[in-house]
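Asker: Just need the structure, nothing else, for what follows:
(chains A and B)
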2 protein chains.
Amino acid sequence: MLPMPEYTMLRLIALATACVTCLAAHGAELPGEEPDTQRSVILIIGDGFDDQHVTMGRNYLSGHDGELILDGMPVRSAVQVQTVGKSHPWQYVADSANTATSLATGVNTQMGRVGTGPDDEDLITLAERASAAGFKTGIVSSSSITDATPAAFMAHVSSRGCENPEIILGGEMYGNEFEGCPQDAKANGGPGSIAEQIVASTVDVALGGGLKHFQTPDPATGATVLDSVDAETLTVVTDREALMSADPSLRLLGLFAKGHLPVRLQGTDGRIAEEPDTSMLNKVDWRLGSVTQPEPMDCEPNPDYGDTPPLSLLTQAALDHLSVNNERGLFLMVESASIDKQSHKRNPCGSIGEIAQLEETLAVALDYARSNPETLVIVTADHAQAAQIVPEPSLYADIPVPIYSPGYVARLNMPDGSLMTINYATSSFPSEEHTGANVPLFANSTANGRISAYMRQREVFDAMAHHLGLAP
Amino acid sequence: MLPMPEYTMLRLIALATACVTCLAAHGAELPGEEPDTQRSVILIIGDGFDDQHVTMGRNYLSGHDGELILDGMPVRSAVQVQTVGKSHPWQYVADSANTATSLATGVNTQMGRVGTGPDDEDLITLAERASAAGFKTGIVSSSSITDATPAAFMAHVSSRGCENPEIILGGEMYGNEFEGCPQDAKANGGPGSIAEQIVASTVDVALGGGLKHFQTPDPATGATVLDSVDAETLTVVTDREALMSADPSLRLLGLFAKGHLPVRLQGTDGRIAEEPDTSMLNKVDWRLGSVTQPEPMDCEPNPDYGDTPPLSLLTQAALDHLSVNNERGLFLMVESASIDKQSHKRNPCGSIGEIAQLEETLAVALDYARSNPETLVIVTADHAQAAQIVPEPSLYADIPVPIYSPGYVARLNMPDGSLMTINYATSSFPSEEHTGANVPLFANSTANGRISAYMRQREVFDAMAHHLGLAP
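Answerer: Numbering: from 1, shown residues only, chains lettered A, B, ... in the order given. Model prediction:
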């Protein structure tokens, strides 16, 4: 799956030229703590990767009677996703900010919050705990590295929108007034925007998209976040070659797109789910007239993908970087972000391509765990999403009235010649809603005894923290 | 949960008056088989009980931070639901007939088929295998006992609609032409309708609704299925008192409603999910005008429920009946049928009440397993369903355009004062579609080593059959 020969050569050059002596500081123990056996956690988050999406991916990528790599993982759990309400104790549907915060910190919070609790208190993340205890830490995502999921492991702001030094002060966002996070701004004595906090964090490797947020000038100083980078401690790379030759003794920030990384697949000619076309008579009475379903489509390569580094390659690069002179172990979070983003856009092929990326990433993680047996590998989702696999044809196809989804459908040509139809019908808005089902969790055998059959999302943090000996 | 004192007294009277000497025949071993330790399987099927419904039930019945009884079960799996296509290898969404047939026989088949394979061949069910090997067997459902799920364990017809001796010959069904299953009709040398096959089956206890199908005359003879019952071997009861005093030495058929058993809960004044009400301007352009969401509703007792015996009481009665003079063990399938039926009707309170019934039934099953340690208890769903928990308010509530589901929504008042909103939006027809996600499976510790983290539905049959020593 990875272009291994090219990859290996570049890594060998990088390792041979590395300043190995200055790595000792990274492996330093905290006072009073004894180095233990090396222990590691690799957490893979499929954003919006609920059971409908898992099945959609399995059916398309492995065949309806086949198995995904994650189906072979021996431990499975259902995870209750929890969101603190604003006027009532709970909201029953989450976003990626509050869920990533639960996973990263073990504390439930409100929608939109990144690494902060319901009272805007900063919460210590597992990556921060791990760094402080001498573990190497890495965050990889196919979204902007400043997006909610990766950000919640590295930064602390009241709103996920506060990605750069300009927007943190508020302004217009998606044509709407955005209040920003003024109390978090550096001008107001705060830690700064998400981009600023990532650069200042203790995370050893952060790889993803989001270059534009690091190039946005601070209105007060005119300087960008990249301008503030100390090249003696942090390498910034923006392409595959620079990634492969980066000095493993320095912290590493990789930004491979202006925003989110492009996705791998799209529908035929860029088509997404479409509204069934009903006749005039049907608009008068639902029992009359006729309906024309959208034409079937194929999943094809997205021409915008170009030479975007695959998520699995970023993951392997992060593991290699974190493995140099690593005595204690590592914590690595990898997000396949656009399963969710493409589901918002009603683009099942887009989601399926990113499920394939998650699978390839899981293969890299399991390979690492084979060589490093005390590695806990967990795959889970942050929240459920809108897509549903619906019957083709309808269960009621024999009844002589037009029957169709009130929303949008995409009918995918499957390798066996059949059709898999995906329904998106949660919103009149051009972006679908998240949904509230508990989400699946898959883990390797290292999870035995730590992962139970039913968990709350904050308890997944507990399991990871206990495995690393870092429980609060 | 059960009215135990009344129940216990009735059972004591029944047991005291039972003809215990004539029970030996039921415990007889097949030639050449040695009696083993007593081993049992209790399979609880929540029809349509996918992860959205599990979460809906958990949030409403146990609180968002609470746990259902099934959440405490130590083994969890995801089960791929498989349907043989008519023109292509697969269809990606199932119905209750083909899925129950997979669970009952270990063979994948086409939609609508009950205990028959894709070439209309009769498939041996686990209940039949168990009976032949000297196990006691029982089937309990809150639907008509002739409905697809219970029928697939006892009968063999080409179409689930063939429930009685009249309709098996074809005719009108839901205002539509129905071809029936003429090759299965007794007049044509077949085994007869589902009702006829249940009476003629080896199942020891069958409890549910569906009295009307046993009272429908055969057009050829004028006789009903009940007319054919030999009261020396099979007791037919239609109320709770008769159930409790039934002779445990005879086979038992309990029919407690003309059709499906009424459900326990409904929405306020019988309300179900409703369409958001949009203003005229919004019908001109989706960005304009306004929308009024349906008023919130409570879940309240369904006045039609009356003195319907709860599913847990039927389950306890079946277990008691099957336990008399039982040396080998038992196979019992219990279905909470109307989680699905109420989801088709867009009635979340209806589904939630039947999830409560499933939970009470599970408590009875786990209690039995405590006294009978070699009892494998499995809870699973047959297929996924349309309902989705959606955000309240919308994720995009800050954007000044009307945002609403294109389908039907019900906003439930929750005990903590918040709202849980359920979306039904798969079909323009007055009945929602099933969906295609893999379904959850929960099992007690007896399942360790038999249930893996990912299974195909036919493999659940394999696990149960192996536990009973009945693998084909």
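Asker: Could you pick out the longest helix of chain A?
Answerer: If you go by DSSP state H, chain A has its longest helix at helix A:348-371.
Asker: could you give the mean pLDDT of the helix or strand just after it?
Answerer: Per DSSP states H and E, the first helix or strand lying C-terminal to helix A:348-371 is strand A:375-381. Averaging pLDDT along strand A:375-381 yields 98.
Asker: who does strand A:375-381 touch, helix- and strand-wise?
Answerer: strand A:40-46, helix A:348-371, strand A:439-443, helix A:457-467 (3 or more Cβ pairs under 8 Å, 6 or more residues apart in numbering or on different chains; DSSP states H and E). Glycine gets a C-beta too; all of them are placed from N, C-alpha and C.
Asker: ok, what's across the strand from A:Val334?
Answerer: A:Ile44, A:Val140 (DSSP bridges).
Asker: tally of neighbours for it?
Answerer: 31 (other Cβ atoms under 10 Å in any protein chain shown).
Asker: residue contacts, it?
Answerer: For A:Val334, the contact set (Cβ atoms under 8 Å, 6 or more residues apart in numbering or on different chains) comprises A:Ile42, A:Leu43, A:Ile44, A:Ile45, A:Val140, A:Ser141, A:Leu311, A:Leu314, A:Thr315, A:Ala318, A:Thr361, A:Ala365.
Asker: Kindly report the same for A:Asp204.
Answerer: So A:Asp204 contacts A:His26, A:Ser131, A:Lys136, A:Thr137, A:Gly138, A:Arg251, A:Leu252, A:His321, A:Leu322 (Cβ under 8 Å, 6+ apart).
Asker: what kind of secondary structure is the fourth one in?
Answerer: Spelled out, that is A:Thr137. Here A:Thr137 is strand, with the state taken from DSSP: H, G, I helix; E, B strand; the rest coil.
Asker: List the residues that contact it.
Answerer: A:Ala127, A:Ala130, A:Ser131, A:Thr202, A:Val203, A:Asp204, A:Val205, A:Leu322, A:Leu330, A:Phe331, A:Leu332.
Asker: who in the stretch 101-250 of chain A is up against chain B?
Answerer: Taking Cβ under 8 Å from any Cβ of the partner chain as the contact definition, the stretch 101-250 of chain A meets chain B at A:Tyr174, A:Gly175, A:Asn176.
Asker: Mind telling me what element the closest residue in space to the first one that isn't next to it in sequence is part of?
Answerer: In space, and not counting its chain neighbours, A:Tyr174 is closest to B:Ile399: 7.0 Å by Cβ to Cβ, 6 or more residues apart in numbering or on different chains. If you go by DSSP H and E, B:Ile399 is not part of any helix or strand.
Asker: For B:Ile399, give its distance to A:Met173.
Answerer: Separation of B:Ile399 from A:Met173 (Cβ to Cβ, to the nearest Å): 10 Å.
Asker: ditto for A:Asp218
Answerer: For A:Asp218, the distance to A:Met173 - Cβ to Cβ - is 18 Å.
Asker: Between the two, which is the more surrounded one?
Answerer: A:Asp218 (22 against 14).
Asker: what about the more buried one, which SS state?
Answerer: coil.
Asker: same check, this time on A:Gln197
Answerer: helix.
Asker: Look up the closest residue to the residue nearest the centre of chain A, ignoring the ones flanking it.
Answerer: The residue lying closest to the centre of chain A (Cα atoms, centre = their mean) is A:Glu335, at 2.7 Å. Distances taken as Cβ to Cβ, 6+ apart place A:Ser141 nearest to A:Glu335, at 4.1 Å, with adjacent residues excluded.
Asker: what residues are up against the one you found?
Answerer: A:Ser141 touches A:Asp147, A:Thr149, A:Pro150, A:Leu207, A:Gly208, A:Gly209, A:Val334, A:Glu335, A:Ala337, counting by Cβ under 8 Å, 6+ apart.
Asker: Go again with 7 Å.
Answerer: A:Asp147, A:Thr149, A:Pro150, A:Gly208, A:Glu335, A:Ala337 (Cβ atoms under 7 Å, 6 or more residues apart in numbering or on different chains).
Asker: Looking at those, point me to the pair that's furthest apart.
Answerer: A:Thr149 and A:Gly208 (9.8 Å; Cβ to Cβ).
Asker: shared neighbours, these two?
Answerer: A:Ser141, A:Ser143.
Asker: ok so A:Met455 is a strand residue?
Answerer: Yes: A:Met455 sits within a strand when classified using three-state DSSP.
Asker: so what pLDDT did it get?
Answerer: 98.
Asker: was I right about it contacting A:Val79?
Answerer: Yes: judged on Cβ atoms under 7 Å, A:Met455 makes contact with A:Val79 at a distance of 5.2 Å.
Asker: which one of those two has more residues nearby?
Answerer: A:Val79 (24 against 21).
Asker: ok, now which ones touch the more buried one?
Answerer: Counted by Cβ under 7 Å, 6+ apart, A:Val79 has contacts A:Thr380, A:Asn438, A:Val439, A:Leu441, A:Met455, A:Gln457, A:Val460.
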